[in-house]
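> build me a model from this:
(2 chains)
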Number of protein chains: 2
Amino acid sequence: MNDVLGDWKRSHYCGQVTAVEVGREVCLMGWVQRRRDHGGLIFIDLRDREGVIQLALDPDRDPEAHGKADRVRNEFVVAIKGKVSPRPEGTVNPKMKTGEVEVEVSDLRILNTAKTPPFMLDEYTEVAENIRLKHRYLDLRRPAVQNNLMLRYQVTRTVRRYLDGQGFLDIETPVLTKSTPEGARDYLVPSRVNPGTFYALPQSPQLFKQLLMVSGFDRYFQIVRCFRDEDLRADRQPEFTQIDCEMSFVDRDDVIRVMEGMIATIFKEAIGVDVSLPMARMTYQEALARYGVDNPDLRFGLELVEISDLVASSGFKVFADAVGNGGMVKAINVKGGATLSRKELDELTEFVKIYGAKGLAWVKMTEEGWQSPIAKFFTADELAALNGRLDAQLGDLLLFVADSFRVTNEALGRLRGHLGQRLSLAKKDDYQFVWVTDFPLLEWDEEARRHVAVHHPFTAPMDEDVPLLTTDPGKARAKAYDLVLNGSEIGGGSIRIHDQAVQSQMFELMGIGEEEARVKFGFLLDALEFGAPPHGGIAFGLDRLTMILTGSESIRDVIAFPKTQKATCLMSEAPGVVDEKQLRELHIKLAVKPK
Amino acid sequence: MNDVLGDWKRSHYCGQVTAVEVGREVCLMGWVQRRRDHGGLIFIDLRDREGVIQLALDPDRDPEAHGKADRVRNEFVVAIKGKVSPRPEGTVNPKMKTGEVEVEVSDLRILNTAKTPPFMLDEYTEVAENIRLKHRYLDLRRPAVQNNLMLRYQVTRTVRRYLDGQGFLDIETPVLTKSTPEGARDYLVPSRVNPGTFYALPQSPQLFKQLLMVSGFDRYFQIVRCFRDEDLRADRQPEFTQIDCEMSFVDRDDVIRVMEGMIATIFKEAIGVDVSLPMARMTYQEALARYGVDNPDLRFGLELVEISDLVASSGFKVFADAVGNGGMVKAINVKGGATLSRKELDELTEFVKIYGAKGLAWVKMTEEGWQSPIAKFFTADELAALNGRLDAQLGDLLLFVADSFRVTNEALGRLRGHLGQRLSLAKKDDYQFVWVTDFPLLEWDEEARRHVAVHHPFTAPMDEDVPLLTTDPGKARAKAYDLVLNGSEIGGGSIRIHDQAVQSQMFELMGIGEEEARVKFGFLLDALEFGAPPHGGIAFGLDRLTMILTGSESIRDVIAFPKTQKATCLMSEAPGVVDEKQLRELHIKLAVKPK
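Down below sits the predicted model:
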């Protein structure tokens, strides 16, 4: 025997030892979750990834094993042999899978010892996240985190099986690729062999998957790591994982149909939720009009209502001017919200200011009608018309924003989302999907004085809008679609341009000259000339999808080894200082001294 | 209809239209492989990823479709509707899946045009590889390359299904990680947020997968991209893909058993080959003794035979001195090789010199006995003893190398491999697997004056050799194993050290001081103190495995977008020059001017 295990073979996972195993001899291996002494007996809760089982050690039955168990501490690694027995009357734990049984241990081996962990592992304890991340290998022992990662695996397994059944091929694309100046900031990798040049880590395999369509692979998918060197928000990571798909000879409806099926299968298999198909659809224009945002949470109403026409010539200058200046006035009706205190209303006003609104007008519907600082500016007819359109009833709270199109929608749309959470209108186990379509193709970048792509420069315009590219490009709509779930965009994609002339026109509209386009995207333009099929695709964010499925608050709870918001790994201490020799080989120098 | 496809939906892939579809109306979409005019009729071979189908266009049946077909050129993308018909007598092509039928086209749409490709796509043409790589999206249209990538997908699909059935969990590990000075050269990624520091791309997820075992995930796998910034040989790429596995509570035999099953399943499902299990095993010592190398090709004999004892006191000084200086003399018997010309023997001599041998002694077995420049140095008894041990028969060729242990084995072992190819002893469809075990744990690095790990610093010593770590570390064997197929190492792994004290001792033996070990591997040492289970694993090279399964000569034939031996992508022209602003943000400067 050349092993610490000798001839011992594990027979079951701890979590598998249930009542059907009573009478069986088992061999288990795992971690000591807890040890208790009880009238001479020792009880150990032994844990592995599948669950926890209670071990019982009786000094009379096996004094040697009992003696070893006496030395055992939390998180020791032990192997045991023993017989599965029903627990004595009154000690059954119906909350545990293994709660009807215990194992009467006849032999015990300590496979490894453990120092006392810096924090408790058996439940979520209030430990600072940086301590947990530093000892991530211990944090990952917590069943909640293990379950998240197991569910994540279940999702990818389901995705693979589903897409395989639909004829998709998993094809790997490069990680060491070329910097593309459109889009977010790239991570760069200096080349040793080609001095002065750099690879970039991909922000997505966009160009490669389009080229695979040009090659005739017809249906491609990949569950693939992508990289963006952006300042991190709470739900972002420097590296993240996409479920990336592309299909040939399809239009928008084909992509949507296949992907709806995938999402429904995931929800059914991962968390047992039935998603009814087809999913709802809504144009970008409608989403903005009714919800103020392009990722509406449809779990609750509280829709935005435009009242510009009713207030344009009112005596309330703030409203009238907003309309007069080409802006708009919109309102939401918070049913029963008249109970909010003045302090709460002030907080809501502060909230909308984050999004650029200059203020928030409010009205409480009382027995006496409008109770509001702005009531006096309106005539009785105007009040009646507003009440009518807003369906204002006794006890309601009306909230108004008057500003530009953009600010009004964003501020009031975000306020709607905020209130949905705060007033518990959004239920956690309610899953409301909606495809948002007909996005604008281009938007004007005031700073750069040019158009930029709303999705990316390879997105096709709607066929009927192609003439607009020449006459009024800002009005052209894209064959793009986002899948929104409960206010989060979980996926987005488009039909791509397969016509070289249209692609060139797009680059031109974006102020990318012919020569520049050739340098940056020459191989794509070439590829489009050699027989590109109509094609389109989509990408889903696996991290965010898993967050929603597991109900996690943080993206770091669904990634095995996540990075902090400063893009560091507290465990391995990456990124780190490297040798001078390594930099020399890469033909670079530091422009700063590392701290 | 807002799409070039209108309401057309593809009904079949081209390759699916076989005789059972006769009489059916079909809608097909694909690429024009060839167009021929034949007595007014136009025939088009239409291709998609599943195969090629013949289309027939009759000007009398549908003049409009015929007219469009007349404008069609090779690699145009077209959609057609038509009826499946049996081919006329005498035109059936039994070599094609679709060879019994053709489609009588009633409607045709040109979905996209194509310029004339720079090289022919319908078969392997003698085009310089750099042209093919520059237009990789066209090269990928060749059925041979498509089949390689489809088989690659089939392999990963099989691997995933098999490992899932064995309880392995796919868990993603970081790509932006920390530079580890042991091992090959790292690719580095400068950090913008943490000035002066760098991430490294992983050479393997070794430490992370061990930490996952410490966390209790029990069985981990990942099909994962790895990176090594080394000068490239023919079969290497800067980024490559590993099938990476790790298991807890196992010994060597457990890992080997599970992995044998995986490999056998792959061979059965991907290429229909039955692999008999269990596979052969051989110690490192035996492999060196019999084959001179640790990755022996067992498809043929031609074993190395040591004759040091027979020649140590012979009159041939070269042999006697080699033995006297602590070296050795070994020979191989090339059965029937006496027909080789002097020129061929000279070439073999040049071959062994590559591996450091000073020369190659040869003997042809003729009617008169030894015909050889060295015959005269041996007595009749010596000759008889040598003939006996080498089983020398009339017509055989004996080849001898006398040198140090290392040079003798490597030169003669490589010569054996070379002759196996050259004399066609190795059959392409013969798959001979062997596990090579009991590798040395450490080897002495003369230049660095310290021991280095043969596998990696986390490999466990054999239990019975642990005492040798103190007394004679160079003699200690490792719990390591390589899987060798037909002379190629396709996978390798080991049981890891789970005992913190042994891990510290290993670092010490490798001249890594306590402080240095703490800086570089502190989190691993910590993790080992908090309850690490016995664990071990393995990694297989997916690229090389796919090469063998597809019979490809080049690793670039099994990768969608490969890099050249100068680590460049000829299509995207990565790596490239980047903006000064990008470098400034990353706190680095160039030490050279880019060319």
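
> quick one: mean pLDDT over the lengthiest helix in chain A.
Longest helix of chain A, by residue count under DSSP state H: helix A:143-165. With pLDDT averaged residue by residue, helix A:143-165 scores 97.

> what does stretch A:415-430 give?
The pLDDT scores in stretch A:415-430 average 93.

> that one: which residues count as buried?
Under the neighbour-count criterion of 16 or more other C-beta atoms under 10 Å in any protein chain shown, stretch A:415-430 has A:415-417, A:419-420, A:425-426 buried. Every C-beta, even on glycine, is put in place using the N, C-alpha and C of the backbone.

> swap in stretch A:476-491?
Those would be A:476-487, A:490-491, for stretch A:476-491 by 16+ other C-beta under 10 Å.

> show me the contact partners of the longest helix of chain A.
Applying C-beta atoms under 8 Å, 6 or more residues apart in numbering or on different chains, the set of residues contacting helix A:143-165 from outside is A:49, A:124, A:139-140, A:170, A:219, A:221, A:223, A:243, A:245, A:261-262, A:265-266, A:269-271, A:542, A:545-546, A:549-550, A:552, A:557-558, A:560, B:157, B:160, B:164, B:169-171, B:215-217.

> follow-up on the earlier one: just name the closest of the buried residues of stretch A:476-491 to chain B, please.
For the buried residues of stretch A:476-491, the minimum distance to chain B (C-beta to the nearest C-beta) is 7.4 Å, reached by A:Lys479.

> and the closest residue to that closest one other than its chain neighbours, how many residues sit next to it?
Nearest in space to A:Lys479, with sequence neighbours left out and distances taken as C-beta to C-beta, 6 or more residues apart in numbering or on different chains, is A:Ile495 at 3.8 Å. Close neighbours of A:Ile495, defined as other C-beta atoms under 10 Å in any protein chain shown, add up to 28.

> domain-wise, how is chain A divided?
By the assignment in automatic domain parsing, chain A contains the domains A:2-112, A:300-425.

> how close does whatever residue of the stretch 251-400 of chain A ends up closest to chain B get to B:Ile497?
Using C-beta to the nearest C-beta, the closest approach of the stretch 251-400 of chain A to chain B is made by A:Asp251 at 4.0 Å. Computed as C-beta to C-beta, to the nearest Å, the A:Asp251 to B:Ile497 distance reads 57 Å.

> cool, A:Lys268 as well?
Per C-beta to C-beta, A:Lys268 is found 43 Å from B:Ile497.

> and what of A:Val17?
Counting by C-beta to C-beta, the gap from A:Val17 to B:Ile497 is 30 Å.

> who's more crowded, those two?
Comparing A:Val17 with B:Ile497 by other C-beta under 10 Å, the one with more neighbours is A:Val17, at 28 against 24.

> list the contacts of the more buried one.
Neighbours of A:Val17 in contact, by C-beta under 8 Å, 6+ apart: A:26, A:28, A:53, A:84, A:98, A:101, A:103.

> may I ask which of those has the most neighbours?
Among the contacts of A:Val17, A:Ile53 has the most neighbours (other C-beta under 10 Å), with 31 neighbours.

> surely that one is in a strand?
Yes - according to DSSP: H, G, I helix; E, B strand; the rest coil, A:Ile53 belongs to a strand.

> mind checking how far the nearest residue to it once chain neighbours are set aside is from A:Pro457?
Take A:Ile53 and drop its neighbours on the chain: the residue closest to it by C-beta to C-beta, 6+ apart is A:Cys14, 4.2 Å away. Distance, A:Cys14 to A:Pro457, using C-beta to C-beta: 54 Å.

> then A:Ala280?
A:Ala280 is 29 Å from A:Pro457, by C-beta to C-beta.

> neighbour count: these two, which is higher?
Comparing A:Ala280 with A:Pro457 by other C-beta under 10 Å, the one with more neighbours is A:Pro457, at 24 against 12.

> which SS state does the more buried one fall under?
Following three-state DSSP, A:Pro457 is assigned to coil.

> I'd say it and A:Glu508 touch.
No - A:Pro457 is beyond contact range of A:Glu508, at 10.8 Å (criterion: C-beta atoms under 8 Å).

> neighbours of A:Val329, just the number please.
Around A:Val329 there are 26 other residues, counting by other C-beta under 10 Å.

> not counting sequence-adjacent ones, nearest residue to it?
Leaving aside its sequence neighbours, A:Val329 sits nearest to A:Ala402 (C-beta to C-beta, 6+ apart; 4.2 Å).

> what's the local residue count around the closest residue to A:Gly413 other than its chain neighbours?
Leaving aside its chain neighbours, A:Gly413 sits nearest to A:Gly292 (2.2 Å; criterion: C-beta to C-beta, 6+ apart). By the criterion of other C-beta under 10 Å, A:Gly292 has 25 neighbours.

> report the contact partners of A:Gly292.
If a contact means C-beta under 8 Å, 6+ apart, then A:Gly292 has A:304, A:330, A:408-414, A:416 as its contacts.

> in strands only, show me the buried residues of stretch A:476-491.
Mapping the buried residues of stretch A:476-491 onto strands (DSSP state E) picks out A:480-485, A:490-491.

> quick one: which two of the residues you listed are the most distant?
The most widely separated members of those, counting by C-beta to C-beta, are A:Ala480 and A:Leu485 (17.3 Å).

> for stretch A:86-101, buried residues please.
So stretch A:86-101, judged by 16+ other C-beta under 10 Å, has buried residues A:87, A:96-101.

> how far does that stretch sit from the chain's center?
Relative to the centre of its chain, stretch A:86-101 is centred 38 Å away, using C-alpha atoms, centre = their mean, to the nearest Å.

> the residue lying closest to A:Lys335 once chain neighbours are set aside: how many residues sit nearby?
Closest residue to A:Lys335 apart from its sequence neighbours, by C-beta to C-beta, 6+ apart: A:Asp396 at 5.7 Å. A count of nearby residues for A:Asp396, using other C-beta under 10 Å, gives 19.

> widest-spaced pair of the buried residues of stretch A:86-101?
Largest separation among the buried residues of stretch A:86-101 by C-beta to C-beta: A:Arg87 and A:Lys97, giving 13.2 Å.

> shared neighbours of those two, anything?
Between them, A:Arg87 and A:Lys97 share no contacting residue under C-beta under 8 Å, 6+ apart.

> quick one, helices of the stretch 351-500 of chain A?
Counting by DSSP state H, counting those that start in this stretch, the segments of the stretch 351-500 of chain A that form helices are A:380-390, A:405-422, A:468-471, A:500-509.

> most tightly surrounded among these?
Of all the helices of the stretch 351-500 of chain A, helix A:405-422 carries the top mean neighbour count, a mean of 20, counting by mean count of other C-beta atoms under 10 Å in any protein chain shown.

> my read: the residue nearest to A:Ile53 touches A:Arg47, true?
Yes - at 6.2 Å, A:Cys14 counts as touching A:Arg47 under the criterion of C-beta under 8 Å.

> what do those two both touch?
Joint contacts of A:Cys14 and A:Arg47 (C-beta under 8 Å, 6+ apart) are A:Gly30.

> how about stretch A:225-241: buried residues?
For stretch A:225-241, burial by neighbour count (16+ other C-beta under 10 Å) applies to A:225-229, A:232, A:236-241.

> I meant stretch A:103-114, not that one.
Neighbour counts over stretch A:103-114 (16+ other C-beta under 10 Å) mark A:103-106, A:108-114 as buried.

> can you narrow these to ones near chain B?
By C-beta under 8 Å from any C-beta of the partner chain, the members of those lying near chain B are A:111-114.

> in JSON lines: those residues, plus pLDDT and distance to B:Gln33.
JSON lines is the format used below for those (pLDDT from 0 to 100; distance: C-beta to C-beta, whole Å):
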{"residue": "A:Leu111", "pLDDT": "96", "distance to B:Gln33": "62"}
{"residue": "A:Asn112", "pLDDT": "96", "distance to B:Gln33": "63"}
{"residue": "A:Thr113", "pLDDT": "96", "distance to B:Gln33": "68"}
{"residue": "A:Ala114", "pLDDT": "96", "distance to B:Gln33": "65"}
